Every structure is written in C-alpha cells, then in structure tokens.
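A.B. asks: Build me a model from this:
(one chain, ligands or ions: 1)
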Amino acid sequence: MENHLSEHVITEFDRGVLLVRFNRAEKKNALTSEMYSALADAIEQANEDKAIKVVLFTGSEGVFTAGNDVADFLEGPPAGSGSPVFRFIDRMVRTDVPLMAAVDGFAVGIGTTMLLHFDQVFASEDATFSLPFINLALLPEAGSSQLLVEACGYKKAAGLLMLGAPFSARDALDCGIISHVSRKEDLMDDAMSMARKLAAKPGSALRATKRLMRRTREPLDERVRAEGELFAQQLQSDAAREALSAFMEKRAPDFSKFD
Ligand code: COA
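C.D. replies: Here you go, the predicted structure:
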C-alpha cells in the first residue's frame, strides 16, 4: 500500500522491501528540506521495524534526482547538523539496513553521492551521473571526498570531482559507484528481484554483516575478534538453528518467522 511520507516522497512496503520513491518529476525530483526529512524518516522506520529487510530508493522515468533543490540552497541553506539534509545523511551513514537504488536518467550531486553509501545500485544503460559541486563553487558532501577515492582511486575521483562533468552508467560501474547496469525496461524488475532475494535472508545476519563491513579500517586481528564475537552470538540465533536444521533435513530454510 502506498504511503505519502511527504508531498514528494512516496513509500510502498511489500514482502520485506520498503520502496521509497522521489515523486517530484516536474522539478526533476530535486530534493527539498521536506523531502530530506521524509527520507530520514523512512530510514528510521526501517531501523525500527525488523519486518523491513531492505530499503530500495528510486525516482521517476528519466530522472533519479537532480540533487539538492537549488532554490532551497539560495533561500534556506542547510544550517548545522540538525538540518534535514544532514539528518538524512546521518541516518543513511549509520543504518545497518541494506540500502539499494534503481537509477534511471539523471543522478546529480547528492543523487550520485548517496549511492556511495548504498549496498547495491542498479542503473539503466542511459543513466547519467554527475558531481557538479565545483561548477557551483561548492564542495563534495556526504563523505564523497573519501568514499569516491576509496571506490575508484585518487586520480579518477579527482577527475570526477574537479571537473564536475557528467559520466555514464558504464563509468559509474567501473568506478564502483553502482553495482549493475540494466536495460531500461528491466531496471525495476532487476532491482526488485535482488531486493527480494535480500529480503528472504535472515534479517539479523544481514544487518550484522553490514555493520561489520561498515566498520572503519582496523588491524586485522581486531576485525577477526569482532567477527568471532558476533559469529558466536549469531550461531545461537533461531535463524541459524533454522538454517542448519534445514540443511540436515534437506529442505529450504524459512527465515520469515525470524528477525
Ligand atoms: N533544483 C531546483 N529546480 C530544479 C533542479 C534543482 N536541482 N533541477 C531541475 N530543476 C527544475 C528546473 O528549474 C525546471 O523548472 P521549471 O520547469 O519551473 O523551469 C525543471 O526542474 C525542469 O528542469 P530542466 O533543467 O528544464 O530539465 P532538463 O531535462 O533540461 O535538465 C538536469 C535536467 C537535471 C540536467 C538539469 O535540470 C540540471 O542540471 N539541474 C540542476 C542540477 C544541479 O545543479 N543540482 C545541484 C547539485 S548540488
């Protein structure tokens, strides 16, 4: 069932997947403060509701989002960490719920940088990405000055951030900004099919896997210890018991009863 989180953000929940749609096509889905608040709310909802296994963001045909609303930048620029855009970025960075996107058309500014935080991103063949901050006399945001260097190396990242020129889905794939390129007509089905596969996994293990992968770089022995502690806990979980019993009983596991 559709739920309007705000005038321009619609969510739909079905079988473990929360679909979050930017719905401001007449302004190329440019993101306003009201929309950032709704997006932050959607992630908070997913954090709290264990029935939500995956959040899948999408836009409209031909445009994911043209980035921050430029009029908002002029009239009500974000001030401080309590502002809606920072709240959205903070929730996106901290969540352990897998985030996905299906991108068709333009993904500008934060429309591209948010993808660096997502776990799987599908884009259509003709999707176009850009990080135009330099052309607006602005700066990389949402951790992109670090994440882009990690994703594609310093030289490529510097080219994208210092020139601010649009780039293709193939370039975004080579850069590790997206994970899959789909034919335009298959985009939503491909993304939803992956989201459903993730939603069928044991949620507690899925979230703990993301938590581990999102830890900052650390000495390997510390990581091994952290994994070991969580592994031992997870081994005692009902979901693990179900998976191991299913293997012994030669049947498919059913995780639907577990978080
Ligand atoms: N903020 C506010 N309004 C925006 C917008 C944005 N980021 N992006 C597009 N719009 C509005 C346009 O002003 C226009 O409004 P109007 O119909 O009232 O004149 C409408 O959306 C359609 O945009 P238009 O530029 O005509 O569409 P297009 O298909 O020719 O180009 C883009 C699409 C995305 C390439 C182009 O709109 C663009 O470059 N937008 C700005 C992107 C940007 O700099 N974002 C900020 C990043 S920090």
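A.B. asks: where along the protein do the helices fall?
C.D. replies: Secondary structure of the chain (DSSP state H): helices at 33-48, 70-75, 84-94, 110-113, 144-152, 154-163, 169-174, 187-199, 203-213, 220-235, 238-248.
A.B. asks: Number of residues surrounding the spatially closest residue to Pro84 that is not a sequence neighbour?
C.D. replies: Spatial nearest neighbour of Pro84, chain neighbours left out: Tyr36 (3.8 Å); criterion: Cβ to Cβ, 6 or more residues apart in numbering. No exception for glycine: its C-beta is placed from N, CA and C like everyone else's. Neighbour count of Tyr36, defined by other Cβ atoms under 10 Å: 25.
A.B. asks: From the ligand, how far out is Tyr36?
C.D. replies: 13 Å (Cβ to the nearest ligand atom, to the nearest Å).
A.B. asks: Test my guess that that residue contacts Phe88.
C.D. replies: Yes. Tyr36 lies in contact with Phe88 (Cβ atoms under 8 Å); the separation is 4.2 Å.
A.B. asks: Please parse the protein into its domains.
C.D. replies: According to automatic domain parsing, the chain comprises the domains 2-199, 203-258.
A.B. asks: Out of the helices of the chain, indicate the one that is most buried.
C.D. replies: helix 110-113 (a mean of 26; mean count of other Cβ atoms under 10 Å).
A.B. asks: That helix packs against which elements?
C.D. replies: Contacts defined by 3 or more Cβ pairs under 8 Å, 6 or more residues apart in numbering; DSSP states H and E place helix 110-113 against strand 63-65, strand 128-130, helix 144-152.
A.B. asks: Looking at these, which is nearest to the ligand?
C.D. replies: The ligand sits nearest to strand 63-65 of all the helices and strands packed on helix 110-113, at 6.6 Å, using Cβ to the nearest ligand atom.
A.B. asks: which residue is nearest the centroid of the protein?
C.D. replies: Centroid-nearest residue in the chain, with Cα atoms, centre = their mean: Phe118, separated by 3.0 Å.
A.B. asks: what about the residue in the stretch 101-250 of the chain that the ligand sits nearest to, neighbour count?
C.D. replies: Closest to the ligand within the stretch 101-250 of the chain is Gly109: 2.9 Å, counting by Cβ to the nearest ligand atom. When counting by other Cβ under 10 Å, one arrives at 27 neighbours for Gly109.
A.B. asks: could you measure Gly80 against Arg87, distance?
C.D. replies: With distances taken as Cβ to Cβ, to the nearest Å, Gly80 is found 11 Å from Arg87.
A.B. asks: for Val224, same thing?
C.D. replies: Counting by Cβ to Cβ, the gap from Val224 to Arg87 is 35 Å.
A.B. asks: now do Phe167
C.D. replies: Using Cβ to Cβ, which is the criterion applied here, Phe167 is 29 Å from Arg87.
A.B. asks: can you check Ala191 too?
C.D. replies: Between Ala191 and Arg87 the distance, using Cβ to Cβ, works out to 25 Å.
A.B. asks: now Lys201
C.D. replies: For Lys201, the distance to Arg87 - Cβ to Cβ - is 28 Å.
A.B. asks: was I right about the residue nearest to the centre of the chain contacting Val97?
C.D. replies: No. Contact criterion Cβ under 8 Å: Phe118 and Val97 do not qualify, at 11.0 Å.
A.B. asks: What count of nearby residues applies to Pro132?
C.D. replies: Pro132 has 16 neighbours, counted by other Cβ under 10 Å.
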